[in-house]
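# Sequence and predicted structure below; questions after.
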Amino acid sequence: MTEHNNVQTLNQFIIQRQSDHPGAKGELSRLLHHVGIASKIVNRAVNKAGLVDILGEHGDRNVQGEDQQKLDVFADTHFIDALKACGECCAVASEENEDIIIFDDELSKHGKYVFAMDPLDGSSNIDVNVSIGTIFSIYERISPRGEIAKIEDFLQDGTKQVAAGYIIYGSSTMLVYTTGKGVNGFTLDPSIGEFCLSHPNIKTPKTGSIYSINEGNYINFPSGVKKYIKYCQEFDKKSNRPYTSRYIGSLVADFHRNLLNGGIFIYPQTRKNPNGKLRLMYECNPIAFIAEQAGGKATDGNQRILTIQPTSLHERVPFYTGSTNMVKKTEEFLHFFNNI
Ligand SMILES: O=P(O)(O)OC[C@H]1O[C@](O)(COP(=O)(O)O)[C@@H](O)[C@@H]1O
Ligand SMILES: [Mg+2]
Ligand SMILES: [Mg+2]
């Protein structure tokens, strides 16, 4: 096994890339640095989850009506603490909290950014040692610095994101993010406790041969989606079909695999979830920003996710993302069969 000698750590990379943003004063760099700190704390707990009291239910329900897992609350708490400590963030929106968390200490009140997050993604996989993650999205506030942050600071469409990313706690732990200048991936080297650049300038293939969807909901899918699944399963040598079905049940892990290998992830509207299951602010917007920056596509079946104007913190949208040609093909089926 050859180790890379000239590793570039996340912090070195962030500072080096600051020049991409004229006028940058290091505020976003410090915020991203603290995201790195919080993800290492969560990673440490995930890595020895069976040995520490972090598995199982926490006992409360979140605003989504879901039973919170202990690790949901652990990750939520440690990210909020790190963001408060960095002084660059004036408020946080989280899947685990109904309302925004406002930092009203003098330093944070002058913070330039707001942070929306899914502190622990793939909660149904926590107790069974399957890859899980954290997803985040960063916006510049619109309210004046020094004032108390408001919900309006968050309800901006996804094109306004200044940075977005995810951490995947898998066979290795990676942090993948963008500031609108391409997508880069960093792998945590436990021996030095640093995220090191391992996947520079990630580009997703224009097409792939993997489709990811929970077919257990098949009967409730829009007919366009049902037809697309059949299309994926038909034999056609020229277009490399049938495709392979892969579904982990953690958005971060399913998306990450398809990002690197090519593929499509679909969580459509169903009868049970007429607006889909995944949340616009802290799941779909950040993943869509990454997908597009890597040359892929992300829509709700009709509209570009990043142009959807949010109206509430926890709203859900249908989600189709991945290789451009595959998302376009799905939209064709939806337009034809569902007249959307
Ligand atoms: O079990 P289902 O209905 O297929 O849903 C799986 C989806 O739900 C999620 O677990 C929702 O995210 P959370 O775990 O953060 O609530 C996604 O990660 C995943 O893609
Ligand atoms: Mg999630
Ligand atoms: Mg979650």
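Here it is on my side, so go on. Numbering: from 1, shown residues only. Ligands and ions are numbered 1, 2, ... in the order given.
# which ones are touching the residue of the stretch 51-200 of the chain found nearest ligand 1?
Distances from the stretch 51-200 of the chain to ligand 1, computed as C-beta to the nearest ligand atom, single out residue 123 as the nearest residue at 3.7 Å. Heads up, the C-betas are built off the backbone N, CA and C, glycines and all. Neighbouring residues of residue 123 by C-beta atoms under 8 Å, 6 or more residues apart in numbering: 66, 69, 71-72, 132.
# and it, what pLDDT?
Residue-level confidence at residue 123 comes out at 95, pLDDT.
# ok, it to residue 134 distance?
Look at residue 123 and residue 134: by C-beta to C-beta, to the nearest Å, they are 12 Å apart.
# Most neighbours of all the contacts of residue 123, which one?
Neighbours here are counted as other C-beta atoms under 10 Å. On that basis the top member of these is residue 132, with 29 neighbours.
# In the protein, what residue comes closest to ligand 2?
Using C-beta to the ion, the point where the chain gets nearest to ligand 2 is residue 121, with a distance of 3.5 Å.
# Chain neighbours aside, what residue packs nearest to that residue?
In this structure, residue 121 finds its nearest non-sequential neighbour in residue 133, 4.5 Å apart by C-beta to C-beta, 6 or more residues apart in numbering.
# Next, count neighbours for residue 61.
Counted with other C-beta under 10 Å, the neighbours of residue 61 add up to 11.
# OK, contacts around it?
Taking C-beta under 8 Å, 6+ apart as the definition of contact, the neighbours of residue 61 are 67-68.
# How is the protein partitioned into domains?
According to automatic domain parsing, the chain comprises the domains 10-199, 210-337.
# Centre-most residue in the chain?
residue 135 (3.7 Å; C-alpha atoms, centre = their mean).
# host element of that one?
When secondary structure is defined by DSSP states H and E, residue 135 falls within strand 132-140.
# For that strand, which residues meet the burial criterion?
Across strand 132-140, burial judged by 16 or more other C-beta atoms under 10 Å covers 132-139.
# hmm, that strand in reach of ligand 3?
No. Remark: strand 132-140 sits outside contact range of ligand 3, by C-beta under 5 Å from the ion, the gap being at least 7.9 Å.
# picking that back up, how close does the residue of the stretch 51-200 of the chain closest to ligand 1 sit to ligand 3?
Counting by C-beta to the ion, to the nearest Å, the separation of residue 123 from ligand 3 is 5 Å.
# cool, and residue 267?
Relative to ligand 3, residue 267 is positioned 14 Å away (C-beta to the ion).
# which residues pair with that residue across the strands?
With DSSP bridges applied, the residues forming beta bridges to residue 267 are residue 319.
# can you count the residues close to it?
Counted with other C-beta under 10 Å, residues neighbouring residue 267 total 23.
# quick one: it and residue 215 touch, right?
No. Taking contact to mean C-beta atoms under 8 Å, the distance of 11.9 Å between residue 267 and residue 215 leaves them out of contact.
# What ranges does the stretch 51-200 of the chain have for its strands?
The residue ranges that make up the strands of the stretch 51-200 of the chain, judged by DSSP state E, counting those that start in this stretch, are 57-61, 67-69, 89-94, 101-102, 113-121, 132-140, 161-169, 173-178, 183-189, 194-199.
# how about the buried residues of strand 132-140 in a markdown table, adding pLDDT and distance to residue 272?
Converted to a markdown table, the buried residues of strand 132-140 look like this (pLDDT from 0 to 100; distance: C-beta to C-beta, whole Å):
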| residue | pLDDT | distance to residue 272 |
| --- | --- | --- |
| 132 | 98 | 23 |
| 133 | 98 | 24 |
| 134 | 98 | 26 |
| 135 | 98 | 22 |
| 136 | 98 | 27 |
| 137 | 98 | 26 |
| 138 | 98 | 32 |
| 139 | 98 | 31 |
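# got the contact list for the residue nearest to the centre of the chain?
With C-beta under 8 Å, 6+ apart as the criterion, the residues that contact residue 135 are 117-118, 121, 165-166, 251-252, 282-283, 286-287.
# So which of the strands of the stretch 51-200 of the chain is nearest residue 36?
The closest of those to residue 36 is strand 194-199. By C-beta to C-beta, the value is 5.8 Å.
# So what touches the helix or strand that that closest one is followed by?
Moving toward the C-terminus from strand 194-199, the next helix or strand (DSSP H and E) is strand 210-212. Contacts with strand 210-212, where a contact means C-beta under 8 Å, 6+ apart, come from 229, 232, 243-248, 254, 257-258, 261-266, 326.
# Just the ones in helices from the residues you listed, please.
Using DSSP state H, 229, 232, 254, 257-258, 261, 326 are the members of those that sit in helices.
# how far away is the spatially closest residue to residue 248 that is not a sequence neighbour from residue 207?
In space, and not counting its chain neighbours, residue 248 is closest to residue 254: 5.1 Å by C-beta to C-beta, 6+ apart. Look at residue 254 and residue 207: by C-beta to C-beta, they are 17 Å apart.
# now do residue 129
When distances are taken as C-beta to C-beta, residue 129 and residue 207 turn out to be 32 Å apart.
# Neighbour count: these two, which is higher?
Legend: neighbour count by other C-beta under 10 Å for residue 129 and residue 207, higher for residue 207 (19 against 11).
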